[in-house]
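>>> Quick one, structure for this:
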Amino acid sequence: MEDQDLIELAKRELKTICMAEPSDIEDGVVIRQPHTYPVYDGDYREARDQVRSYVDSLENLQTIGRNGLHRYDNQDHAMLSAILAVKNLLGESHELWTINTEKEYHEVVLESKEPVPASAPN
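You can find the predicted model right below:
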């Protein structure tokens, strides 16, 4: 789609989900990004912190989801970051970079010293 067509689609979708009237939208922009995915090497936190520092210096910009926050979020966390970003635009104050940092959300692999028993034959 052309950029303006995508912006108009976004306006219609915002109306459909009762978030905004198309006439309330003052401007829009489309940023086309080739397929990318965060890389988690030994230095990724430092690189992510550089990106965050730059993004935080920009007025009225919020990044969301895996690519926006440069980390491996599940779909629930990505959607939560989007919801909270919208709430921020409506006057609330949520720190999007803290989503999915709680330890209870992360998988834990436990190594057992006991051998796994073989299944008994039927």
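>>> For the helix or strand harbouring Lys15, what is the distance to the chain centroid?
Using DSSP states H and E, Lys15 sits within helix 3-16. Centroid separation for helix 3-16 versus its chain: 20 Å, with Cα atoms, centre = their mean, to the nearest Å.
>>> And the contacts of that helix?
Met1, Ala20, Glu21, Pro22, Ile25, Gly28, Val29, Val30 (Cβ atoms under 8 Å, 6 or more residues apart in numbering). For every residue, glycine as well, the C-beta is placed using N, CA and C.
>>> roughly how far apart are Asn60 and Arg52?
Distance of Asn60 to Arg52, computed by Cβ to Cβ, to the nearest Å: 16 Å.
>>> With Tyr44 instead?
Distance, Tyr44 to Arg52, using Cβ to Cβ: 12 Å.
>>> and for those two, which residues touch both?
Common neighbours of Tyr44 and Arg52, using Cβ under 8 Å, 6+ apart, are His70.
>>> re earlier: between Asn60 and Arg52, point out the one with more neighbours.
Arg52 (14 against 5; other Cβ atoms under 10 Å).
>>> which regions of the chain lie under the pLDDT threshold?
For the chain, the stretches flagged by pLDDT under 70 are 36-38, 102-122.
>>> Which segments of it make up each domain?
1-32, 37-112 (automatic domain parsing).
>>> picking that back up, enumerate the positions of the helix holding Lys15 that are buried.
By neighbour count with 16 or more other Cβ atoms under 10 Å, helix 3-16 contains the buried residues Ile7, Lys11, Leu14.
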